[in-house]
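Provide a 3D model corresponding to the input given below.
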Amino acid sequence: MSGTGEQTTQSSGATGKAQHKSNRIFLVVVDSTEEMSVALRFAARRAANTNGRVALLYVMEPADFQHWMAVEEKMRAERRAEAEHTLQVLAAEVNALTGDMPIIYLREGKASDLIVELIEEEPDISILVLGAGTGKKGPGPLVASLAGKLSGKFPIPITVVPGNLSLEQIDALT
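You can find the predicted model right below:
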């Protein structure tokens, strides 16, 4: 299933609101890090203030357990259920901040490859928003890869939000 994906587009149902939205989409890669929540808040506030939308991309790493197919399928189903639950929680948060449900993508494969593929498929995605880690390990592998090595060749701007910003600081910046 590597490289394949699903897209669910949801709207808030507010009469006329979607008609005034721009085509600007802020893409946030969903993971379990603290800095992802900072990136999500930043993207949601920017989208709300610029009539844009937020898109959430959850990347499931492929299972590396190929000895027994039944076990691998069960592990994949459990990861998918966890991903769907996480996306539901985050979509509700985005809706509360923007008044609009985000676009949701759930894919399996290598994150950096899937991000580039998604941006090529969806021309309305105009900004990738990443949160930088604040720990001793550096900004995180995704930030290091995309904002570092690939940044000069990346097809859209990348906004890297410091992971130590408070909600008040993010709101003041956006």
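
which residue is the nearest non-sequential neighbour of Val129?
Counting by CB to CB, 6 or more residues apart in numbering, Val129 lies nearest to Ala43, which is 4.2 Å off, once chain neighbours are set aside. The way it works is simple: take the backbone N, C-alpha and C, and place the C-beta from them, glycine included.

and the gap between that neighbour and Ser32?
Ala43 is 17 Å from Ser32, where distance means CB to CB, to the nearest Å.

neighbour-wise, which of those two wins?
Between Ala43 and Ser32, counting by other CB atoms under 10 Å, Ala43 is the more crowded of the two (32 against 8).

what about the more buried one, which helix or strand?
helix 34-50 (DSSP states H and E).

which helix or strand contains Ala172?
Following DSSP H and E, one finds Ala172 within helix 167-173.

quick one: buried residues of that helix?
By 16 or more other CB atoms under 10 Å, the buried positions in helix 167-173 come out as Ile170.

what packs against that helix?
Contact partners of helix 167-173 among helices and strands, from 3 or more CB pairs under 8 Å, 6 or more residues apart in numbering; DSSP states H and E: helix 34-50.

contacting residues for Ala39?
Applying CB atoms under 8 Å, 6 or more residues apart in numbering, we find Ala39 in contact with 28-29, 129-131, 161.
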